[in-house]
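Novice: Please find the sequence and the predicted model below.
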Amino acid sequence: MTDATTRFGGYADEYDRVRPRPPADLADLIRQWAGADRPDVVDIGAGTGLSTALWPDALGVEPDPGMRAVAAARGLRVAEGTAEATGLPDRCADVVTASQALHWFDPDRTFPEIARILRPGGVFAAYDCDWPPAVDAETHSTYLEVEGHYRDLEVRHGVRPAYAAKTDHVARLRDSGLFRHVTELAVHAKDSGDGHRFVDILRSQGGIVALLERGVSEEEIGLTRLREVALRRIPEPRTWWWTYRVRLAVV
């Protein structure tokens, strides 16, 4: 079975090229909840630093060396570590973030680690964007069909790591007993891209990469069909609409 900590290794540059950048409004929201204009921020599961870059002087924590190299190349501070074992001192952060990552963490080990490194009143913010972006009805429905099919293929080929359902994040945070207030809200963002990038968004999923490496064809996965629809419906760059689901937990 694939290990989630190495699931995104080997294609950091491609991941960084096509994935969306979290909106500045997200940082403004978290600053307000933390009550600090320049909070000390730790971004766990930082990947290539797309979320880390929202914050001046933030520290990214990432297990994959390829991802860390891309983050460091853009001038970000990044350290080796995991969400379950950051290696950081107690009460070193006003804000801890996890972008597109919380579902891969072991909550029984991660939540105590987050509570340990947060200062009193600090905020844990875990956010994920809905896949795919809202661009066009036909491309949207085709993406979801292909996504459902490739999830089945992941299980069949044994490349799906253990993960926690995103819909249960809030309940798990509350049930941990480590946070005095937990809530969820949505932040919206705009982006742009053409049909090629739309397909590459799905190709940036770790499961797709793992299946292709196992020799499963693009035709079998459904990428060929998605590409035909996306290039026909989005031949030129158009506005993309993203919804970010934000879970806020205060210690």
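Specialist: That came through, no problem.
Novice: low pLDDT regions in this structure?
Specialist: Counting by pLDDT under 70, the chain shows low-confidence ranges at 1-9.
Novice: so where do the strands sit in it?
Specialist: Using DSSP state E, the strands of the chain run over 41-44, 59-61, 77-79, 93-99, 118-129, 181-193, 238-250.
Novice: Now do the residue nearest to residue 58 when sequence neighbours are not counted: how many residues are near it, please.
Specialist: Closest residue in space to residue 58, ignoring its immediate chain neighbours: residue 41 at 4.0 Å, by C-beta to C-beta, 6 or more residues apart in numbering. Bear in mind the C-beta positions are built from the backbone N, C-alpha and C, glycine included. Residue 41: 26 surrounding residues under other C-beta atoms under 10 Å.
Novice: Does residue 41 have any beta-bridge partners, and if so which?
Specialist: For residue 41, the beta-bridge assignment (DSSP bridges) gives partners residue 95.
Novice: so of the strands of the chain, which one's packed in deepest?
Specialist: strand 41-44 (a mean of 29; mean count of other C-beta atoms under 10 Å).
Novice: Check which helices and strands it sits against.
Specialist: With contacts defined as 3 or more C-beta pairs under 8 Å, 6 or more residues apart in numbering; DSSP states H and E, the packing partners of strand 41-44 are strand 59-61, strand 93-99, helix 107-117.
Novice: Go through those and name the closest to residue 84.
Specialist: Ranking the helices and strands packed on strand 41-44 by proximity to residue 84 (C-beta to C-beta) places helix 107-117 first, at 4.0 Å.
Novice: And the contacts of the closest one?
Specialist: With C-beta atoms under 8 Å, 6 or more residues apart in numbering as the test, helix 107-117 has contacts from 42, 44, 83-86, 88-93, 96, 102, 124, 164, 172-173, 176, 178-179, 251.
Novice: Any buried residues in it, and which?
Specialist: 107, 110, 111, 113, 114, 115, 116, 117 (16 or more other C-beta atoms under 10 Å).
Novice: What of stretch 77-87?
Specialist: So stretch 77-87, judged by 16+ other C-beta under 10 Å, has buried residues 78, 81, 82, 83, 84, 86.
Novice: Quick check: the two most widely separated of those?
Specialist: 78 and 84 (17.3 Å).
Novice: Count the neighbours of residue 146 for me.
Specialist: 22.
Novice: Distance to residue 215 added to the buried residues of helix 107-117, as JSON lines?
Specialist: Shown next, in JSON lines, are the buried residues of helix 107-117 (distance: C-beta to C-beta, whole Å):
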{"residue": "107", "distance to residue 215": "34"}
{"residue": "110", "distance to residue 215": "34"}
{"residue": "111", "distance to residue 215": "38"}
{"residue": "113", "distance to residue 215": "38"}
{"residue": "114", "distance to residue 215": "39"}
{"residue": "115", "distance to residue 215": "43"}
{"residue": "116", "distance to residue 215": "43"}
{"residue": "117", "distance to residue 215": "42"}
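Novice: which one of those is nearest residue 143?
Specialist: residue 107 (28.3 Å).
Novice: who's in contact with residue 19?
Specialist: Contacts of residue 19 by C-beta under 8 Å, 6+ apart are 48, 50, 100, 201, 204.
Novice: swap in residue 193?
Specialist: 135, 201, 234, 237, 238, 240.
Novice: what's across from residue 247 in the sheet?
Specialist: Here residue 247, judged by DSSP bridges, has bridge partners residue 126, residue 184.
Novice: So it versus residue 27, what's the distance?
Specialist: Applying C-beta to C-beta, to the nearest Å, the value for residue 247 to residue 27 is 16 Å.
Novice: give the contact list for the residue positioned nearest the centre of the chain.
Specialist: The residue lying closest to the centre of the chain (C-alpha atoms, centre = their mean) is residue 100, at 1.4 Å. Applying C-beta under 8 Å, 6+ apart to residue 100 gives the contacts 19, 45, 47, 51, 127, 128, 129.
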